[in-house]
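Peer 1: next come a sequence and a model predicted from it.
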Amino acid sequence: MFKTVLFSVDQSREAREAAEVVASIVQKYQSNLILLSVVEETTPEESPQDDAMKSVKKVEQLLKDAQAFFSAQGIEAKILDKIGKPAFVICDVADEMKVNLIIMGCRGLGLTDEGSHDSVTNRVINLSPCPVLIVP
């Protein structure tokens with residue numbers, strides 16, 4: 001049913017909690033797992049160190065830690081790190097890799113001052129080429 005699952009990983013508590021659900025689904029359906037984290041583009045005024053998701057090194061470490069978590073459960077995971085706008089990159093990768101399910105935490109680090117209607121999660125739901133499972 002879910003041959004390939006894409007798990008969008010960030011530094012949020014919700015993403016860490018979603019990892020258990022991801023492991024359960026991947027094991028149940030014997031899915032291929034792709035771990036994706038997006039390094040957000042920085043403006044000239046910003047330092048990449050201002051935010052963990054804007055630092056390539058921190059994102060690489062985050063992905064390695066996530067891969068180790070799944071490996072400990074007997075799940076092999078491919079890791080990808082990309083640069084860009086998270087929602088668009090997540091959907092583009094899902095489309096390119098023919099993903100059957102995207103899983104993400106309900107409120108990652110992409111909330112804006114305007115609120116959750118502009119969140120990465122909400123944008124992925126609206127743009128995704130496949131079903132999206134949001135873990136509360």
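Peer 2: Perfect, I can see it now. Numbering: from 1, shown residues only.
Peer 1: show me where the chain has its strands.
Peer 2: Ranges of strands in the chain, per DSSP state E, are 4-8, 32-40, 77-84, 101-105, 132-135.
Peer 1: from the middle of its chain, how far away would the last one be?
Peer 2: Here the centre of strand 132-135 is set off from its chain's centre by 11 Å, with Cα atoms, centre = their mean, to the nearest Å.
Peer 1: just to check, residue 129 is in contact with residue 91?
Peer 2: Yes - between residue 129 and residue 91 a contact is recorded at 6.4 Å, counting by Cβ atoms under 8 Å. Just so you know, the C-beta spots here come from the backbone N, C-alpha and C atoms, and that holds for glycine as well.
Peer 1: neighbour count for these two, which is higher?
Peer 2: residue 91 (22 against 13; other Cβ atoms under 10 Å).
Peer 1: could you find the closest non-adjacent residue to the more buried one?
Peer 2: residue 127 (4.5 Å; Cβ to Cβ, 6 or more residues apart in numbering).
Peer 1: so where's the chain shaky on pLDDT?
Peer 2: Within the chain, the ranges that satisfy pLDDT under 70 run 42-52, 107-117.
Peer 1: wait, isn't the residue nearest to residue 91 in contact with residue 92?
Peer 2: No - with contact defined as Cβ under 8 Å, residue 127 does not reach residue 92; the gap is 9.1 Å.
Peer 1: in the protein, which spans are helices?
Peer 2: With DSSP state H, the ranges of helices along the chain come out as 13-29, 56-71, 86-96, 120-127.
Peer 1: for residue 105, find the nearest of these.
Peer 2: Taking Cβ to Cβ, helix 13-29 is the member of these nearest to residue 105, at 2.8 Å.
Peer 1: list the buried ones in that closest one?
Peer 2: Using 16 or more other Cβ atoms under 10 Å as the test for burial, helix 13-29 gives 14, 15, 18, 19, 22, 23, 25, 26.
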